[in-house]
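Peer 1: generate coordinates for the sequence data below:
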Amino acid sequence: MQWNVPNVLTLLRILMIPLFVGVFYLPESLMSSPLRDFYATLIFVLAAVTDWLDGYFARRLNQTSAFGAFLDPVADKLMVAAALIVLVEFGRVGAVVALIIIGREITISALREWMAGIGQGKGVAVAMIGKIKTAAQMIAIPFLLYSHPVAGIDAKLLGTGLIYVAAFLTLLSMAYYLRAAWPQMCKQ
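Peer 2: Next up is the predicted model:
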């Protein structure tokens, strides 16, 4: 592994996951639930920012690497999966929504690996629908993590609406990638 700025940021994002999850399980005697939710949301948002930064620095500093290209999406998926599992446990997201999002990530990751293995990786390269899906998730999840009113806005209600939009986009993007891979799947 190359120790460059993008890879260090990606590893930092992975190391934030246990911290993020651990904050949610602090006893009420140590931290009130609004404060706990605030810190967990802050950690998640910082992780999302490192996701943007590692891509920016990889391009800007010309520090792209095969390891970084592998690890970055893994870090993203681990962080989103951890957040969704915590949100299910705390009753802020339905299990079906979490299964749709996590299941899609596993399916498309496997599809991309298979397509790359047969020399057709470009057929399932990241598309705009996938980027929009990710943006919807990254906006919805912090609202659900915090889940308390902010300046008169019901964060939980807003986050719930957005996560349903994200789940719909998740299904749409999965259909897009499966359709793109379908000709190769029929040949096998």
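Peer 1: SS state for the most centrally placed residue in the chain?
Peer 2: By C-alpha atoms, centre = their mean, the chain has its centre lying nearest to residue 80, at 3.6 Å. Under DSSP: H, G, I helix; E, B strand; the rest coil, residue 80 falls in the helix class.
Peer 1: tell me if I'm right that it and residue 137 touch.
Peer 2: Yes. Taking C-beta atoms under 8 Å as the definition, residue 80 is a contact partner of residue 137 at 6.0 Å. Where C-beta positions appear, they are placed from N, C-alpha and C, glycine not excepted.
Peer 1: what average pLDDT does the helix or strand hosting residue 177 get?
Peer 2: Assigned by DSSP states H and E, residue 177 belongs to helix 155-187. Mean per-residue pLDDT for helix 155-187: 91.
Peer 1: from the chain's centroid, how far away is it?
Peer 2: Relative to its chain's centre, helix 155-187 lies at 13 Å (C-alpha atoms, centre = their mean, to the nearest Å).
Peer 1: do stretch 124-134 as well
Peer 2: Between the centre of stretch 124-134 and the centre of its chain there are 12 Å (C-alpha atoms, centre = their mean).
Peer 1: now the common contact residues for residue 80 and residue 137.
Peer 2: residue 101 (C-beta atoms under 8 Å, 6 or more residues apart in numbering).
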